[in-house]
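>>> below are the sequence and a predicted model for it; my questions follow.
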Amino acid sequence: MGAWLRYLAVARPDAEVWLDSPQPGMSQILFNNLHPGLRVTNTLWRLVHENAGSPADISARVIRDRIRGLGTPAFDLGVLKMREAESLHLVGGGYVNDTWPHHAGLIVGMRAVSELTGAPLFATGQGLMPTLSPSPEETPLFRDFAYVRARDESSAEAHGLELGLDDAFLGIEAEIDRFGAAGGLYVCIQSDMADEGRFEAAVGLARAEIADASQRGIDAYYVEAFPGSDRIAYERLADLIPESRFIPFIDVWSHGLPVSPDQTWVTSRFHLHLLASAAGARGIAVGMKKGYYDVKHQSIAALGSGWPVVLDSGTPRMPEKAGPLAADLPSLVRRKRAEAEALYPPAPVPVRVPRSSFVSLARAKAARAFQR
C-alpha cells in the first residue's frame, strides 16, 4: 500500500485518497505523511466483517443493500463517501481466497458502488490461492472490473486473469536503498498460519544454518517482520543470536529492511524473500502453509530469486550464487510503473498565470458585478 501512496503523492498530489483498512488506526500511523490527501476508514471492511458468519449469498445481498439503499447511520456516511470515489482499487495481497472466503465481500461492495456511480474498478497484485468459489451471482469473481492482474500463475489460471507483478515492485528500488545493511545470515520465521509441524521444522532449519554460519565466523541476525508472531521463533534461537542482533519491526518500518547482496537468508515471510532476493541476497524460503505460502514463494522463485522453496522437512542447501532477479529488477520495475501510469496518469502541471493577470481578472469580475 505504501508504494501506491508514494506514487500517488507524485502523480496526484492534490487528490483525496481514501484507504479502507481493517485496522484504520494502525494504518493511519503506518502510512502517515505518505500522501497529503490520505484519509483512512474501515467502512467496507467493517461491512464485510459484520457479515462474515453468514452464507456467501446472504452476506453479498446485505453488503449490496447497505451500499445501494443506505438506511443505517452506522454505515451511511462512509458509504456516501465511497460513492464519491473516481475509482476503487483492490490493492494486492493474498487476502481474497478460500482461507478467508468472506473477504469476497470486498469485491461485492466495490462492484455495488461502481454499479451506482460508474467508477472503474481496479485490482492489482492479487494472490488468490487457495482458490475461492464465489456465489453464482458473483461469478466470475472480478466481473465488471476494468483492470485486474494476479501476481502468480495459479491465481491467474484459476480465475482467467492476466499475470502481473506483486504491488511491492512499484516501490521496491527505493525500499532496497533505504538501509545500508551488513553482511551475514538473516532469519525470520513466522509462527502464524502454519501447517502442523511446520513451525518446529522451520526453526530447526534456521538453527542448522545459524550454527553453520557461526562456524565460519558469520554473524546471524533476526528480523521481526510482524510484531509478536515473529518473536516466538527468535526466543527459540536466542541462544545463538544475541538481542543486539535482533532487528525489531519498528526499526524495519522506520529505516527499511536491512538487505544487501552480501547476505544469506532463511525466512518464511514472502516480502522478505522478495526484497532480499531483489537486492541480490541468497536464501532459503520456507513455505509454512501448503496451497498458500508455497504459491506465494514460488511466484518469486519463478521471477528468478534463485532461492529453493522448502515445503516439507527437507534440508535444502543454501544457493551458492544469487538468481537473476536482481539483474532483471529494472525491467520488472518499469513494467509495474507502466501499470501505475496507465491506471493513474500523472495530473497535468497547472499553467501558472502571472499575478497581474489574477488582479486584472478580479477587477473585471468586480466591474461586471457593479454594472449589474
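Done, it's in. Numbers count the residues shown, from 1 in each chain.
>>> check the gap between Pro130 and Gly323 for me.
Distance from Pro130 to Gly323, counting by CB to CB, to the nearest Å: 27 Å. To be clear about C-beta, it is placed using only N, CA and C from the backbone, and glycine gets the same treatment.
>>> surely Gly105 touches Ala60?
Yes - if you go by CB atoms under 8 Å, Gly105 and Ala60 touch, sitting 6.6 Å apart.
>>> which of these two has more neighbours?
Gly105 (27 against 23; other CB atoms under 10 Å).
>>> for Arg68, what are phi and psi?
phi -80, psi -40 (degrees, to the nearest 10).
>>> what's near enough to touch it?
For Arg68, the contacting residues are 112, 115-116, by CB atoms under 8 Å, 6 or more residues apart in numbering.
>>> so which residues of the stretch 101-250 of the chain form strands?
121-126, 147-150, 162-163, 184-188, 220-223, 246-247 (DSSP state E, counting those that start in this stretch).
>>> need those in CSV (columns: mean pLDDT).
Converted to CSV, the strands of the stretch 101-250 of the chain look like this (pLDDT from 0 to 100):
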stretch, mean pLDDT
strand 121-126, 98
strand 147-150, 98
strand 162-163, 98
strand 184-188, 98
strand 220-223, 98
strand 246-247, 98
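>>> so for Glu209, which of those strands sits nearest?
Taking CB to CB, strand 184-188 is the member of the strands of the stretch 101-250 of the chain nearest to Glu209, at 6.2 Å.
>>> which residues of the stretch 1-150 of the chain fall in helices?
2-11, 24-30, 43-50, 56-69, 76-82, 104-117 (DSSP state H, counting those that start in this stretch).
>>> the fourth one versus helix 104-117: what angle between them?
Between helix 56-69 and helix 104-117, the angle comes out at 30 degrees (axes from the mean of the first three to the mean of the last three CA atoms, to 10 degrees).
>>> could you give me the buried positions within helix 56-69?
Neighbour-count burial for helix 56-69, counted by 16 or more other CB atoms under 10 Å, picks out 56, 59-64, 66-67.
>>> please save the CA atoms from it in CSV.
Extracted C-alpha coordinates of helix 56-69, given in CSV (Å, rounded to 0.1, in the frame of the first residue of the first chain):
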residue,chain,number,x,y,z
ALA,A,56,-21.9,-16.1,0.9
ASP,A,57,-25.1,-15.3,-0.9
ILE,A,58,-26.8,-13.7,2.1
SER,A,59,-23.6,-11.7,3.0
ALA,A,60,-23.4,-10.4,-0.5
ARG,A,61,-27.0,-9.4,-0.5
VAL,A,62,-26.6,-7.5,2.8
ILE,A,63,-23.5,-5.7,1.6
ARG,A,64,-25.2,-4.7,-1.7
ASP,A,65,-28.3,-3.5,0.1
ARG,A,66,-26.3,-1.4,2.5
ILE,A,67,-24.4,0.3,-0.3
ARG,A,68,-27.3,0.8,-2.6
GLY,A,69,-30.1,1.6,-0.2
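>>> which among the contacts of Arg68 gets closest to Pro261?
Nearest member of these to Pro261, counting by CB to CB, is Ala112, at 47.6 Å.
>>> does the closest one touch Arg61 like I think?
No - using CB under 8 Å as the test, Ala112 is too far from Arg61 to be in contact (10.3 Å).
>>> buried among the contacts of Arg68? Make that a PyMOL selection.
Those of these that count as buried under 16+ other CB under 10 Å are selected in PyMOL with:
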select buried, resi 112
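>>> just the contacts of Arg68 now: which is nearest Glu84?
Leu116 (11.0 Å).
>>> dump the residue contacts of the closest one.
With CB under 8 Å, 6+ apart, Leu116 has these contacts: 67-68, 83.
>>> ends of stretch 119-138, how far apart?
18 Å (CA to CA, to the nearest Å).
>>> and it, what's buried?
Here stretch 119-138 shows 119-130, 132, 134, 138 as buried, counting by 16+ other CB under 10 Å.
>>> what helix or strand is His271 located in?
helix 270-278 (DSSP states H and E).
>>> pLDDT averaged over that helix - what is it?
Across helix 270-278, the average pLDDT comes to 98.
>>> what's the end-to-end length of stretch 89-103?
First-to-last residue span, stretch 89-103, CA to CA: 15 Å.
>>> identify each buried residue in it, please.
For stretch 89-103, burial by neighbour count (16+ other CB under 10 Å) applies to 89-94, 96-97, 101-103.
>>> torsion angles phi and psi at the spatially closest residue to Gly127 that is not a sequence neighbour?
Excluding its sequence neighbours, the residue lying closest to Gly127 (CB to CB, 6 or more residues apart in numbering) is Gly94, at 3.4 Å. Main-chain dihedrals, Gly94, degrees, to the nearest 10: phi -110, psi 60.
>>> coming back round to it: just the buried residues of helix 56-69: which has the poorest pLDDT?
Ala56 (93).
>>> test my guess that that residue contacts Pro134.
Yes - using CB under 8 Å, Ala56 is in contact with Pro134, at 7.1 Å.
>>> shared neighbours, the two?
With CB under 8 Å, 6+ apart, Ala56 and Pro134 have common neighbours Ala104.
>>> out of the buried residues of helix 56-69, which comes closest to Phe179?
Among those, Ile63 lies closest to Phe179 (CB to CB), at 41.1 Å.
>>> and Leu8, how close does it get to Ala168?
16 Å.
>>> so who does Leu70 touch?
Taking CB under 8 Å, 6+ apart, we find Leu70 in contact with 76, 79-80.
>>> neighbours of Pro348, how many?
Counted with other CB under 10 Å, the neighbours of Pro348 add up to 6.
>>> about what we covered before: now tabulate the contacts of Leu116 in a markdown table and tack on distance to Arg151.
Shown next, in a markdown table, are these (distance: CB to CB, whole Å):
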| residue | distance to Arg151 |
| --- | --- |
| Ile67 | 28 |
| Arg68 | 31 |
| Arg83 | 29 |
